[in-house]
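S.K.: coords please:
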Amino acid sequence: MTNAKPAIAVLGPGRLGRTLAAALEGAGYRVRLASSRVVEEAQDAADASDVAFLTVPDAAIAGVAAVVEWRPGQLVAHCSGSRGLEVLAVAEQSGALIGCLHPLQSFPPDPTPERFTGITCGIEGQSPAGAILEGIAGDLGARTVRLAGVDRALYHAAAVLIANDAVALASAATRAWTLAGLPEAAAREALAPLLLGAAQSIATLPLAEALTGPLARGDIATVERHLGALARDPALAALYRALAAELLRLPLGHNEATATRLRALLDTPPAQG
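M.R.: The predicted structure follows:
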């Protein structure tokens, strides 16, 4: 590769693939977005590229890497958070460089190139692959963290907990909202700003300072009332209790009596009437 920006192929026109292609084009790269399912189309795009990103489901990475013929020195990278470089073994055997660029971000159906700005991308790849991928991530406005030696399952689980499980929390909050007697149709409009505000606080403050509400205040009476009301839906009560117990791991500054009482509340289900 020369000092000029490499030509890039993005194989897999899903949410990530389309957004990555648009972001790369916006950063001045020549990009070809191609289907990974049409071998001739994928091969043509790969032949015209210096770097190829496989933006396909995890289970499909090895298969796509195996059907495309790679050139020695070409860089082939997947974008999976949970898979290591072993899924690109066939490409490596062809003499290609291999790597991973995993964006810690969620992507909506429509391409949104700005989604890469300010995020962190997990990078893996021996020299010079890692440095090339770091350069590309930097051109997209992203920070990077190296994944070599990292437990990829735990790394990916962390991403799932913060991103996917936020949707689960929205679902649970909607159930509590409707149990209270409010219309389900109004839940998202009412509750989403709370989530956005919490996310902004998480992004800018230490977690203990980002936390608001009864646990942050040590408001035992309110927590008791919540648990009593949630007893109508044992699954919601269990979720509330588990998440509150996690929050108590933070340095909230409670005195020992308050902390002990809160821990007892969260360990013991409320009595059923």
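S.K.: wait, doesn't residue 68 sit right on residue 42?
M.R.: Yes. Contact criterion C-beta atoms under 8 Å: residue 68 and residue 42 qualify, at 5.5 Å. Every residue, glycine included, has its C-beta placed from N, CA and C.
S.K.: what's the overlap in contacts for those two?
M.R.: Applying C-beta atoms under 8 Å, 6 or more residues apart in numbering, one finds that residue 68 and residue 42 are jointly contacted by residue 11.
S.K.: ok, residue 262 touching residue 221?
M.R.: No. Applying C-beta under 8 Å, one finds residue 262 not in contact with residue 221, separated by 11.3 Å.
S.K.: The two: which has the busier surroundings?
M.R.: Neighbour totals were compared for residue 262 and residue 221, and residue 262 leads with 23 against 8 (other C-beta atoms under 10 Å).
S.K.: can you pull the contacts of the more buried one?
M.R.: 215, 218, 220, 223, 244, 248, 254.
S.K.: what's around the closest residue in space to the fifth one that isn't next to it in sequence, how many residues?
M.R.: Counting by C-beta to C-beta, 6 or more residues apart in numbering, residue 266 is the residue found nearest to residue 244 once chain neighbours are left out, at 5.3 Å. If you count neighbours by other C-beta under 10 Å, residue 266 ends up with 20.
S.K.: List phi and psi for residue 76.
M.R.: Main-chain torsions, residue 76, degrees, to the nearest 10: phi -120, psi 120.
S.K.: Adding neighbour count, secondary structure and distance to residue 189, write the contacts of residue 262 out as CSV.
M.R.: Output for the contacts of residue 262, formatted as CSV (neighbours: other C-beta atoms under 10 Å; DSSP: H, G, I helix; E, B strand; the rest coil; distance: C-beta to C-beta, whole Å):
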residue, neighbour count, secondary structure, distance to residue 189
215, 21, helix, 25
218, 17, coil, 31
220, 17, helix, 31
223, 21, helix, 27
244, 19, helix, 26
248, 13, coil, 31
254, 17, coil, 34
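S.K.: Out of those, the closest to residue 159 would be?
M.R.: residue 244 (22.7 Å; C-beta to C-beta).
S.K.: isn't the closest one right next to residue 223, touching?
M.R.: Yes. Residue 244 lies in contact with residue 223 (C-beta under 8 Å); the separation is 7.0 Å.
S.K.: what touches both of these two?
M.R.: 215, 262.
S.K.: ok so, going back, surely the residue nearest to residue 244 is within a helix?
M.R.: Yes. Counting by DSSP: H, G, I helix; E, B strand; the rest coil, residue 266 is part of a helix.
S.K.: For it, give me its contacts.
M.R.: For residue 266, the contacting residues are 241, 244-245, 248, by C-beta under 8 Å, 6+ apart.
S.K.: Residues contacting stretch 58-65, please?
M.R.: Taking C-beta under 8 Å, 6+ apart as the rule, stretch 58-65 contacts 11-12, 36, 42, 54, 56, 76, 78, 80, 82-83, 87-91.
S.K.: can we see that at 6 Å?
M.R.: 36, 54, 56, 78, 80, 83, 87-88, 90-91 (C-beta atoms under 6 Å, 6 or more residues apart in numbering).
S.K.: Distance from that stretch to the middle of the chain?
M.R.: Offset of stretch 58-65 from its chain centre (C-alpha atoms, centre = their mean, to the nearest Å): 20 Å.
S.K.: got it, and stretch 208-219?
M.R.: With C-alpha atoms, centre = their mean, you get 26 Å for stretch 208-219.
S.K.: Show me which positions of it end up buried.
M.R.: 210-211, 214-216, 218 (16 or more other C-beta atoms under 10 Å).
S.K.: can you dump the C-alpha coordinates of it into CSV?
M.R.: The C-alpha trace of stretch 208-219 is given here as CSV (Å, rounded to 0.1, in the frame of the first residue of the first chain):
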residue,chain,number,x,y,z
ALA,A,208,-21.8,7.6,41.0
GLU,A,209,-22.4,11.3,40.1
ALA,A,210,-24.4,10.4,37.0
LEU,A,211,-26.9,8.4,39.2
THR,A,212,-30.0,10.2,40.4
GLY,A,213,-33.2,8.9,42.1
PRO,A,214,-34.0,7.1,45.3
LEU,A,215,-30.9,4.8,45.5
ALA,A,216,-28.6,7.8,45.0
ARG,A,217,-30.4,9.6,47.8
GLY,A,218,-30.6,6.6,50.1
ASP,A,219,-34.4,6.9,50.0
